[in-house]
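In: I would like the atomic coordinates for the input below:
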Amino acid sequence: MAQNFTLADFHQFDNSTKEALVIFGNDILLVSQYFDKLNFLLASIGVFINAFHIVILSRKSIISNVINVILLGIAISDTVNLSVLAQKLFTLISKTFQDECTLPNSSLVTQLLFYLAVIKDDFRRLSTWLGVLMAALRYLIIKNSLNPNFNFLSKPSSGWNTLAIAFIISTLMSMFYLIRVDLSSEVWVPPETCGYQTNFRILKYSYTSNNLFISGAEIYKTYIVFDGILKIIPAIVLPVLAVLLIRELKIAEVSRKKNSVVSRTANHADSTSKMVIIMTITCIFAEGPMGISFVLEGLVADVPKLRKIVNCLESILFIFVILNATTHFFVCLGVSTPYGKAVKELLGYKESQKPKMYHNFVPSDFEQFDNSTKEALVIIGNALVFITQYSNKLSFCLAVIGVFMNAFHVFILSKKSAISNVINVILLGIAISDMMNLSVIAEKMFFLIYRDACTLPDSSFITKLLNFLEFMKDDSRRLSTWLGVLMASLRYLILKNDLNPNFDFLFKSSSGWKSLTIAFFISTLISMFYLFRVDLFSVVWVPPKACGYPTNFSMLKYSYKTNELFFSGRETFKSLIAFDGILKIIPAFVLPILAALLVRELKKAEVSRKKMPVSSQSANNSDNTSKLVIIMTITCICAEGPMGIAFVIEGLVADVSALRLLVIYFEGILFTFVILNATTHFFICLGVSTTYKKTVNEFLGYKKPQKHITSINPKISSTSTVSRRQIDARIDG
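Out: Presented below is the predicted three-dimensional model:
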């Protein structure tokens, strides 16, 4: 179990700094515990995705390309890294179910776990290095495409040589971890309450730093800082390589425009360059924050508890590394034509000849800007269009999962044992709103993914129905955010006025129902505006010739357009969108304040409880409720903040339709975090709320096992009472 930070852990600092570090440290520690579970899930998924990625890259049609050889090395590194990470996180999660009576690992298991950590360090470094080498190789190939002296770079042998050299150097560096530590042991004696035999003891193994390399604190600190600098260098080099690649890509495009014929080879070369650029950018976002945290870890190495806080922060940031490793397959699938063809061949899929409904930006879309800005906006816009296509598919999958998770969440919160709590009433409202919101998102994403230019337009009735669903989505989306703010506010008022009888009504579930009713009524009135501001109109739809419809085939296509009742000018429309964005970003400012107030009240409650001789169960449950609200508040901040900013920007650029469309695509990518936030509420409640967990266990028919098992075993003793752990210990020898 993780130990909370105390004031004594930071004796080097003054009192105010101590308090701030304790609050911040305990918050980071709490959040990291739940990120460990999320990272385990993502890492497990990533292992299977990268295994399939390796199968595709190993095919003869793919491996003939030098870039694909390096991609294969990255995929193998990521698979090994994610596998060891999943095992490590599983061990961490398992420890939460262990106590002081759990037997320590044997010498073999301890050594095995340490070697796995060395392997993880090796392949983690190797994956990053190969990302840099891939970008550097691609730049040199494009830069010297007409120079025969550099033709060897395009051969797959260059890729294999690069892999071999990088692997050897990385492995030699990781060998340092084997040499600098020694396996040590100490006698482990279990507490008497565990029920082991009298005088039962066993050796507990662990690794400790030896004096061969680490002879003092300064040397150790310098090593950690140097290791962090090595890990942050790729985050500095990669942006430079990305800029150089983009510049060379633009030069190649200009040269190709001068030619009357565009070869298929040139298109494939551009696709490879775009793939490398996208993977380089994702690698920057993954490696940059981690490198900074490693440097910080070295700077605070002489304060163990401060270093522990940084370690907890690293476990949170590591989610970006896992996501980066998992997305390589999707990037290759979306950009590389040979890769996509290889996947389709393996799956036996035949590509449809129907045209797709993708909008690509062109310089004429941004005629208000100069040429260099136009080029930059076109590159950014088309990159966002591409990413959006795959984020839509990811959002669809997550939304479908989220609907089922929230349906079960609603069922649990509706049970009598849970609904008696005012916070759980608000949670029920959030769950219903999220389920409604995710259902409409799933429907919307489904049509975005599976429709093309040949799909028949919707009828008048379906168009009206979809518009009404959009109204419901807007309503439930807003309501979910508002209820998050209300929940945090109610919890703060309850804690703040715990001993004030005038605020006793806040404890009652009726306060929750009233809050739900008022919030729903106001939110629905605002959303009604969306129904009145548009009119249904129709145009004649003629399908493209490639679709194969009969000659002169046409039908009415229905859609909604803004009427003149509320929008008499572009400035009004622009102001409305900006105002709507401001309304949506307000919770992102209010929620951090409420989170800070809740943490402060929680610390006060802990101090008061420490002065009491006995800590009551109700006090512990109250703390769990506060922690639950704090965690949900933090996740809500992460989800709502970026979306609110995007909405404000959308309003500010409303007079440039192409620029607004670019922001809308960006919003589609950010919406993935909103979906993740809505999906994680069940897991947060399950992990933090004792009452919620008990309700789930009762529903699933799970009974918590007793700690001690009384049995009479003639082979052990005919008169003694033994525990299951005692029997297991004897079996293990």
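In: center of this structure - which residue?
Out: Centroid-nearest residue in the chain: residue 319, 5.7 Å away (criterion: CA atoms, centre = their mean).
In: quick one: that one from residue 42, how far?
Out: 7 Å (CB to CB, to the nearest Å). Placement of C-beta: from N, CA and C, glycine included.
In: Could you spell out which stretches of this structure belong to which domain?
Out: Taking automatic domain parsing as the domain assignment, the ranges for the chain are 7-341, 363-700, 705-733.
In: So for residue 347, which of those domains sits nearest?
Out: Set against residue 347 and scored by CB to CB, the domains of the chain come closest in domain 7-341, at 10.2 Å.
In: right, and the secondary structure at the nearest residue to residue 175 once chain neighbours are set aside would be what?
Out: Among residues not flanking residue 175 along the chain, residue 118 sits closest, at 8.0 Å (CB to CB, 6 or more residues apart in numbering). Look at residue 118: counting by DSSP: H, G, I helix; E, B strand; the rest coil, its state is helix.
In: pLDDT score assigned to residue 118?
Out: If you check residue 118, the pLDDT there is 86.
In: Identify each buried residue in stretch 190-198, please.
Out: Using 16 or more other CB atoms under 10 Å as the test for burial, stretch 190-198 gives 190, 194, 195, 196.
In: Residue 676: neighbour count?
Out: The local packing of residue 676 (other CB atoms under 10 Å) involves 17 other residues.
In: Summarise which helices and strands the helix or strand hosting it is packed against.
Out: If you go by DSSP states H and E, residue 676 is part of helix 657-688. Under the contact criterion of 3 or more CB pairs under 8 Å, 6 or more residues apart in numbering; DSSP states H and E, helix 657-688 touches helix 15-57, helix 371-413, helix 422-450, helix 617-652, helix 690-700.
In: Show the secondary-structure elements that the third one is packed against.
Out: If you count contacts as 3+ CB pairs under 8 Å, 6+ apart, helix 422-450 packs onto helix 371-413, helix 416-419, helix 460-496, helix 509-532, helix 617-652, helix 657-688.
In: And these: which comes nearest residue 550?
Out: Closest among these, using CB to CB: helix 460-496, at 22.7 Å.
In: Mind checking the pLDDT average for the closest one?
Out: 86.
In: How far away from the center of its chain is it?
Out: 23 Å (CA atoms, centre = their mean, to the nearest Å).
In: do stretch 371-387 as well
Out: Its chain's C-alpha centre and that of stretch 371-387 lie 25 Å apart, by CA atoms, centre = their mean.
In: Tell me which residues of it come out buried.
Out: 374, 375, 377, 378, 379, 381, 382, 383, 384, 385, 386, 387.
In: what sits up against that stretch?
Out: Here stretch 371-387 makes contact (CB atoms under 8 Å, 6 or more residues apart in numbering) with 246, 250, 278, 334-335, 358-363, 365-367, 369, 658-659, 661-662, 665-666, 669.
In: Output the lowest mean pLDDT helix or strand found in this structure.
Out: None of the helices or strands of the chain scores lower by mean pLDDT, DSSP states H and E than helix 724-732, at a mean of 32.
In: what helices or strands is the helix or strand where residue 298 lies leaning on?
Out: Assigned by DSSP H and E, residue 298 belongs to helix 264-299. If you count contacts as 3+ CB pairs under 8 Å, 6+ apart, helix 264-299 packs onto helix 66-95, helix 107-143, helix 217-257, helix 304-335, helix 337-347, helix 371-413.
In: can you pull the buried residues of stretch 165-178?
Out: Across stretch 165-178, burial judged by 16+ other CB under 10 Å covers 166, 167, 170, 171, 174.
In: quick one: which of those is nearest to residue 603?
Out: Using CB to CB, these come closest to residue 603 at residue 174, 41.4 Å.
In: any idea how far residue 681 is from the closest one?
Out: Counting by CB to CB, the gap between residue 174 and residue 681 amounts to 40 Å.
In: could you point out where the stretch 451-600 of the chain is predicted with low confidence?
Out: Where the stretch 451-600 of the chain drops to pLDDT under 70, the residues are 530, 564-582, 584.
In: if we can go back for a sec, may I see the helices and strands packed on helix 657-688 arranged in CSV, with mean pLDDT and distance to residue 555 as well?
Out: What follows is the helices and strands packed on helix 657-688, written out as CSV (pLDDT from 0 to 100; distance: least, CB to CB, whole Å):
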stretch, mean pLDDT, distance to residue 555
helix 15-57, 83, 41
helix 371-413, 82, 26
helix 422-450, 85, 18
helix 617-652, 73, 33
helix 690-700, 79, 50
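In: low pLDDT regions in the stretch 151-300 of the chain?
Out: 177, 211-225, 227-228, 256-271.
In: Can you read off the pLDDT for residue 69?
Out: Predicted confidence (pLDDT) at residue 69: the value is 90.
In: quick one, what contacts it?
Out: By CB under 8 Å, 6+ apart, the residues touching residue 69 are 63, 156, 159, 160, 162, 163.
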